[in-house]
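Participant: structure of the sequence below:
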Amino acid sequence: MRLLVFLFLIAFAFSQEPSGQCQSNPLKDKEYCRYFWVLCKNLGIKRLDAIKSCLEKSQSYDDGVKCFERSWIEDLFSR
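Facilitator: Predicted coordinates for the structure are as follows:
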């Protein structure tokens with residue numbers, strides 16, 4: 001579990017390049033820089049989609065708050 005969080009943080013750090021091409025990254029020539037960027041982007045999109053669908057289904061404020069309590073890792077492994 002800690003390893004997944006660590007890898008996510010590394011992916012997030014490497015994905016901070018706005019164009020997604022790792023231009024200003026010292027590891028820009030490395031293929032794993034692009035891999036981490038794609039991984040981070042896809043995980044973020046999946047999490048946002050899950051939150052959006054949960055909010056659309058919620059009937060009250062309390063139900064909406066619960067949408068943000070679930071871990072993104074749980075969502076990832078539940079698929």
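
Participant: tell me where the protein has helices.
Facilitator: Remark: helices assigned in the chain by DSSP state H are 2-14, 31-57, 61-66, 72-78.

Participant: name the helices or strands packed onto the third one?
Facilitator: Helices and strands touching helix 61-66, by 3 or more Cβ pairs under 8 Å, 6 or more residues apart in numbering; DSSP states H and E, are helix 31-57. Bear in mind the C-beta positions are built from the backbone N, C-alpha and C, glycine included.

Participant: which of the residues in the helix it packs on are buried?
Facilitator: By 16 or more other Cβ atoms under 10 Å, the buried positions in helix 31-57 come out as 33, 34, 36, 37, 39, 40, 43, 47, 50, 51, 54.

Participant: poorly predicted segments of this structure, please.
Facilitator: Within the chain, the segments meeting pLDDT under 70 span 1-29, 70-79.

Participant: again, only using 80
Facilitator: Residues of the chain that meet the criterion pLDDT under 80 lie in 1-37, 40, 67-79.

Participant: measure residue 44 to residue 50 for me?
Facilitator: Taking Cβ to Cβ, to the nearest Å as the criterion, residue 44 is separated from residue 50 by 11 Å.

Participant: CA atoms of stretch 37-50 as PDB?
Facilitator: Provided in PDB are the C-alpha atoms of stretch 37-50 (Å, rounded to 0.1, in the frame of the first residue of the first chain):
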ATOM      1  CA  TRP A  37       2.800  11.200 -16.700                       C
ATOM      2  CA  VAL A  38       0.300   9.000 -18.500                       C
ATOM      3  CA  LEU A  39      -0.200   6.900 -15.300                       C
ATOM      4  CA  CYS A  40      -0.900   9.900 -13.100                       C
ATOM      5  CA  LYS A  41      -3.200  11.500 -15.700                       C
ATOM      6  CA  ASN A  42      -5.200   8.400 -16.100                       C
ATOM      7  CA  LEU A  43      -5.600   7.800 -12.400                       C
ATOM      8  CA  GLY A  44      -6.700  11.400 -11.900                       C
ATOM      9  CA  ILE A  45      -9.300  11.200 -14.600                       C
ATOM     10  CA  LYS A  46     -10.700   7.900 -13.300                       C
ATOM     11  CA  ARG A  47     -10.900   9.400  -9.800                       C
ATOM     12  CA  LEU A  48     -12.600  12.500 -11.000                       C
ATOM     13  CA  ASP A  49     -15.100  10.500 -13.100                       C
ATOM     14  CA  ALA A  50     -15.900   8.400 -10.000                       C
END
